[in-house]
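**Q** predicted model and sequence follow; I will ask about them next.
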2 protein chains.
Amino acid sequence: MINSTSAALLGFLRDGPQPGYQLHKIAADIAPFWTVTRSQVYRELATLADRGLVKREPTGKRDAAPFSITAKGRAAFRAWLATEPEAENLRIPLLLKLTFAEDLPAEQLQAMLQVHYDRHRALLAEYDGLAAELSELPVLQRVTLQYGIHYERAVIAWFEELPADIAPAHS
Amino acid sequence: MINSTSAALLGFLRDGPQPGYQLHKIAADIAPFWTVTRSQVYRELATLADRGLVKREPTGKRDAAPFSITAKGRAAFRAWLATEPEAENLRIPLLLKLTFAEDLPAEQLQAMLQVHYDRHRALLAEYDGLAAELSELPVLQRVTLQYGIHYERAVIAWFEELPADIAPAHS
DNA sequence: GCCACCATGTAACTGGTTACATGATTCG
DNA sequence: CGAATCATGTAACCAGTTACATGGTGGC
């Protein structure tokens, strides 16, 4: 079975051949709940090519080496699509640090929390803006955005509920 | 600067020397928003030892090689504690798959969503139970749990708001 | 024509996961 | 006393990040 990153690349390639650079740009757009670096894209493409799931096309402009999806690649994509997605993985450095935060002066801790609180509020505003702007988007493209909105709201509520001595200022 | 995983190990070692196995157990307990595998623990300990931040103690029972924190290690921990935590990293395979889900029969998609919905409801129930049980916990130990509760509630709300043709059954 | 930025790719390193190996306890 | 589980660790592999290199394009 291929991994999620490869699967995503194959998914994008169904719309036509693309070089690694462009695939990365497309992938970066469907962030923020999935990320791939450019290097990863090139590596995955190389192994996909080795396994015959994509095919390297003649080099185009600026050394661009487009890849196209093969019949075998389409089959692998469909197989991946039908498998149960794994559980999500959340990695939250802030919570780790908080675990040890008794050893930190309250004001320093509060300053840290403030930074993150503000960032989450900015993100929520951004997502809300996108949702308004893109209200005509196909259903399945909107759900990710909705996930983001729900997530940010939850985090913001969490911040606002922190004990008063460390809670960030919320206007 | 040391990484978060090393920092956590140093943090735990302040309470006394521990072998890698035990450190991993402690770390696993402060999940679910931070994870380390056992292998990682051993590797980090080895590099921490190389850098003089921990010291290997004489082997105890069952080949256990406890490590103790050094003065230099304590300093490194304090330095880490004072740095701004990075942004969180969320990796949600379900959302990636959803991006391509137009190519999946609606009922298969719904079945997938049901599995995840049920899992999140179970998690919320578990966290709520813990919160009730551990109501006397020190503040900073409770905030992680609260984060989990807020997160699960948000995800559950998201599920319940999905378009009717794919939304999981919610009693 | 130069400068900034865009498009393209490779290489090296670090962090995370899986698989393997093995002796000690515990419990029925 | 035998089986299951716990405690301990190593090695190999895979995935993610950072750093490096370089030619094209567009705008002033």
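**A** That came through, no problem. Numbering: from 1, shown residues only, chains lettered A, B, ... in the order given.
**Q** against DNA strand D, how distant is whichever residue of chain A sits closest to chain B?
**A** When distances are taken as Cβ to the nearest Cβ, chain A reaches nearest to chain B at A:Ala154, 3.6 Å away. For glycine as for every other residue, the C-beta is placed from the backbone atoms N, C-alpha and C. Noted for A:Ala154: a distance of 23 Å to DNA strand D, by Cβ to the nearest atom of the strand, to the nearest Å.
**Q** in which helix or strand would I find that residue?
**A** helix A:139-160 (DSSP states H and E).
**Q** which strands and helices sit next to that helix?
**A** helix A:106-133, helix B:93-99, helix B:139-160 (3 or more Cβ pairs under 8 Å, 6 or more residues apart in numbering or on different chains; DSSP states H and E).
**Q** so which of these is nearest A:Pro163?
**A** Comparison of the helices and strands packed on helix A:139-160 against A:Pro163 by Cβ to Cβ identifies helix B:139-160 as nearest, at 5.4 Å.
**Q** show me what contacts the most centrally placed residue in chain A?
**A** What sits nearest the mean C-alpha location of chain A, by Cα atoms, centre = their mean, is A:Trp34, with 2.4 Å. Listed by Cβ atoms under 8 Å, 6 or more residues apart in numbering or on different chains, the contact partners of A:Trp34 are A:Ser4, A:Ala8, A:Ala27, B:Arg91, B:Ile92, B:Pro93, B:Leu95, B:Leu96.
**Q** again, but for A:Pro163
**A** B:Val139.
**Q** tally of neighbours for the closest residue to DNA strand D within chain A?
**A** Here the residue of chain A nearest DNA strand D is A:Ser39; by Cβ to the nearest atom of the strand that distance is 3.2 Å. By the criterion of other Cβ atoms under 10 Å in any protein chain shown, A:Ser39 has 10 neighbours.
**Q** tell me which element it falls in.
**A** Going by DSSP H and E, A:Ser39 is part of helix A:38-50.
**Q** what residues does that helix touch?
**A** Here helix A:38-50 makes contact (Cβ under 8 Å, 6+ apart) with A:2-3, A:5-6, A:9-10, A:20-21, A:23-24, A:27, A:54-56, A:67, A:73.
**Q** same thing but 10 Å
**A** Contact with helix A:38-50 is made by A:2-3, A:5-10, A:13, A:18-28, A:36-37, A:53-56, A:65, A:67, A:69-70, A:72-73, A:76, as judged by Cβ atoms under 10 Å, 6 or more residues apart in numbering or on different chains.
**Q** with stretch A:114-126 instead?
**A** Contacts of stretch A:114-126 with the rest of the structure, by Cβ under 10 Å, 6+ apart, involve A:32, A:92-94, A:110, A:148-156, A:158-160, A:162, A:166-171, B:84-85, B:87-88.
**Q** pull out the buried residues from it.
**A** By 16 or more other Cβ atoms under 10 Å in any protein chain shown, the buried positions in stretch A:114-126 come out as A:Gln114, A:His116, A:Tyr117, A:His120, A:Arg121, A:Leu123, A:Leu124.
**Q** pipe the residues you listed into TSV and attach pLDDT and distance to A:Ala106 per row.
**A** Output for the buried residues of stretch A:114-126, formatted as TSV (pLDDT from 0 to 100; distance: Cβ to Cβ, whole Å):
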residue	pLDDT	distance to A:Ala106
A:Gln114	95	12
A:His116	96	16
A:Tyr117	96	16
A:His120	96	21
A:Arg121	96	22
A:Leu123	94	26
A:Leu124	96	26
